[in-house]
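*Asks:* I'll drop the sequence and a predicted model, then ask my questions.
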Amino acid sequence: MGGQTTNSAAAEGALPFSRWWLVVAAAFGMGAAGSYEFVWSSIRGPLGSQVGASEQTLGSLFTLLIVAQTLSQFPAGWVRDRYGPRLPMLVGTVMLAGGYGALSVVATPIATAVAVLVGGSGAGTVYSVTVNTPVKWFSTHRGLATGLVTMAYSGLSVALIPAVRGGIGGTFASTLFALAALVLVACLVGIVVIRDPEEGTSDDSTQEDTTSEANEGISDDSSDGVSEAPSYGWREAMRTWQFWLLYAVFVVINGIGLMLIEKVIAFADGLGLPAAVATGAASTIAFGDGAGVVSGGVVADRLHPTRTVGVALLLGSLAVAGAVVAGGNGYGTVFVLLVGATAFFRSPVFAVFPGLLSDYYGTGHSSENYAVMYTGKLWGSVLGGTATSALIAAIGWGQSFLLAAGLLALAGLAMFAVRPVERTAA
């Protein structure tokens, strides 16, 4: 598809196994990385008691985790693009497992902050390696492969959280040691299995692969018309208007996602809905997110990636608006379903964007380019957290979520304005 997209047949021929095993290994690592964020809600209480941290301090520690996770991705991607995935994967694994181990023995908030920085940076490093593995190996079925990997980000935690809450190790410290061991094993699979294609197996070495993809039913439209040209690094990418439009969409998507995850229970309470409805809505978010990322990846493979995201976001905006109306009128079941639909329709971005960036800017610097894009999660956290809280206090729950629906609609419309980047040699 892209100018440096992997020649699937040639690249896979150099592997001693199917490239789908790379997806499996990357999914294990992705799940381990995601656990550091998703398990936090289950360990924050005991951790606060252990170190004497206030609620405000615990909130700050979680923010620190997100910052470390986000900012660590660029150096990890830079190293991976130049020296391969094993070194950053190894460093990330040690830091991630070490972060869990350190949390089991810390005694002060400052020591906890250091442990969170180490573990969060490890999570971001592992995420960077794993999310970009399908991009480097798949030209066809890229959306599906990326969707399967990114689905594991929350998917593994669905199984881990009940075990953590039940105390898989008997005590808080032993439970965290058990988590450290689990993520170590999961990531070791990636260290052994994940690798990058050898030079000379990219589509820019021959025009025939583009033709063969078309013969397999991949149209020029679905490939976004990417031309054969040198890869762009993050500096060149940031000079294009397409990057900033996609960045703005990414900020909105993350903001709406955090708004849902953090505030849906309070939103349901604010609408006067029963506690069971609030709990059901929270549960459907995780399910909708996972299902949407895989489904969106599959649809993007068969149709047009930017239009797939655009339509999905427009449908998501309707779901948010519908949830406000349904909840305001006391239709609890409909409210739950529409909240789940919102999560479903906002999540295809995470299956499409890694591949879309490689289509537009080449695979040579795909890890670092997506890492720069991922910094949008920081601004999204401000939008979905602090800004949304202030807005709710000023105008109320319903109006705030209707504004969120409007933002989501604008992001969806913006995706129809995206055009391929015409890469030229520097």
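*Replies:* Sure, I can see it.
*Asks:* from now on I want contacts and neighbour counts done on CA atoms only, so please keep to that.
*Replies:* Will do.
*Asks:* now residue 129: phi and psi?
*Replies:* Geometry field for residue 129 lists phi and psi as phi -70, psi -50, criterion degrees, to the nearest 10.
*Asks:* ok, it - how many residues close by?
*Replies:* 30 (other CA atoms under 10 Å).
*Asks:* for it, what are its contacts?
*Replies:* 26, 76-77, 80, 85, 88-89, 367 (CA atoms under 8 Å, 6 or more residues apart in numbering).
*Asks:* hmm, 7 Å instead?
*Replies:* Residue 129 is in contact with 77, 85, 89, counting by CA atoms under 7 Å, 6 or more residues apart in numbering.
*Asks:* distance check, the last one against residue 113.
*Replies:* Going back to what we said before, that points to residue 89. Distance of residue 89 to residue 113, given as CA to CA, to the nearest Å: 23 Å.
*Asks:* which residues touch stretch 154-162?
*Replies:* With contacts defined as CA under 7 Å, 6+ apart, stretch 154-162 is touched by 31, 34-35, 38-39, 42, 290.
*Asks:* got a winner among those for most neighbours?
*Replies:* residue 31 (29 neighbours).
*Asks:* let's see the pLDDT reported for that one.
*Replies:* pLDDT recorded at residue 31 is 92.
*Asks:* cool, and residue 101?
*Replies:* At residue 101, the model reports a pLDDT of 95.
*Asks:* how about residues contacting the helix or strand encompassing it?
*Replies:* Using DSSP states H and E, residue 101 maps to helix 86-103. With contacts defined as CA under 7 Å, 6+ apart, helix 86-103 is touched by 76, 79-80, 112, 115-116, 118-120, 122-123, 125-126, 129, 176-177, 179-181, 183-184, 187, 191.
*Asks:* wait, residue 258 touches residue 384, no?
*Replies:* Yes: at 5.3 Å, residue 258 counts as touching residue 384 under the criterion of CA atoms under 7 Å.
*Asks:* list the buried residues in the longest helix anywhere in the chain.
*Replies:* In the chain, taking DSSP state H as the definition, the longest helix is helix 241-270. Within helix 241-270, the residues scored as buried using 16 or more other CA atoms under 10 Å are 242-243, 246-261, 263-265, 267-269.
*Asks:* and what of stretch 337-352?
*Replies:* 337-352.
*Asks:* restrict that stretch to CA atoms and write it as CSV.
*Replies:* Once non-C-alpha atoms are left out, stretch 337-352 reads as follows in CSV (Å, rounded to 0.1, in the frame of the first residue of the first chain):
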residue,chain,number,x,y,z
LEU,A,337,-26.6,0.3,24.8
LEU,A,338,-25.8,3.7,23.4
VAL,A,339,-22.9,4.3,25.7
GLY,A,340,-21.5,1.0,24.5
ALA,A,341,-22.1,2.1,20.9
THR,A,342,-20.2,5.3,21.5
ALA,A,343,-17.2,3.3,22.7
PHE,A,344,-17.5,1.0,19.7
PHE,A,345,-17.6,3.8,17.1
ARG,A,346,-14.8,5.9,18.6
SER,A,347,-12.3,3.0,18.8
PRO,A,348,-11.6,2.2,15.1
VAL,A,349,-9.1,5.1,15.1
PHE,A,350,-6.6,2.9,17.1
ALA,A,351,-6.7,0.2,14.4
VAL,A,352,-6.6,2.6,11.5
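*Asks:* that older thread, can you tell me which of the contacts of stretch 154-162 are in helices?
*Replies:* Among the contacts of stretch 154-162, the residues falling in helices (DSSP H) are 31, 34-35, 38, 42, 290.
*Asks:* in terms of distance to residue 302, which of those ranks first?
*Replies:* Using CA to CA, residue 290 is the member of the ones in helices among the contacts of stretch 154-162 that lies nearest residue 302, at 19.3 Å.
*Asks:* still on that earlier bit, could I get the contacts of residue 129 as TSV with neighbour count?
*Replies:* Below are the contacts of residue 129 laid out as TSV (neighbours: other CA atoms under 10 Å):
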residue	neighbour count
77	29
85	25
89	28
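*Asks:* show me the buried residues of stretch 337-352 that map onto strands.
*Replies:* When DSSP state E is applied, the buried residues of stretch 337-352 are split such that none fall in strands.
*Asks:* next, the residue of the chain positioned farthest from its centre: phi, psi?
*Replies:* Using CA atoms, centre = their mean, the residue of the chain lying farthest from its centre is residue 329. It sits 33.6 Å away. Here is the backbone geometry of residue 329 (degrees, to the nearest 10): phi -100, psi 10.
*Asks:* relative to residue 322, how far out is it?
*Replies:* The spacing between residue 329 and residue 322, counted by CA to CA, is 11 Å.
*Asks:* cool, residue 303 as well?
*Replies:* Distance of residue 303 to residue 322, given as CA to CA: 27 Å.
*Asks:* of the two, who's got more company?
*Replies:* residue 322 (20 against 16).
*Asks:* now for the closest residue to the more buried one other than its chain neighbours: which residues touch it?
*Replies:* Nearest residue to residue 322, sequence neighbours excluded (CA to CA, 6 or more residues apart in numbering): residue 338, at 6.7 Å. Counting by CA under 7 Å, 6+ apart, residue 338 makes contact with 319-320, 322-323.
*Asks:* same thing but at 10 Å, please
*Replies:* Going by CA atoms under 10 Å, 6 or more residues apart in numbering, residue 338 touches 281, 284-285, 316, 318-324, 326-327, 332, 344.
*Asks:* next step: those residues restricted to helices.
*Replies:* Reading helices off these with DSSP H, I get 281, 284-285, 316, 318-324, 326-327, 332, 344.
*Asks:* which one of those residues is nearest residue 392?
*Replies:* Set against residue 392, the nearest of the ones in helices among the contacts of residue 338 by CA to CA is residue 324 (13.5 Å).
*Asks:* how many residues are close by the closest one?
*Replies:* Using other CA under 10 Å, residue 324 is surrounded by 24 other residues.
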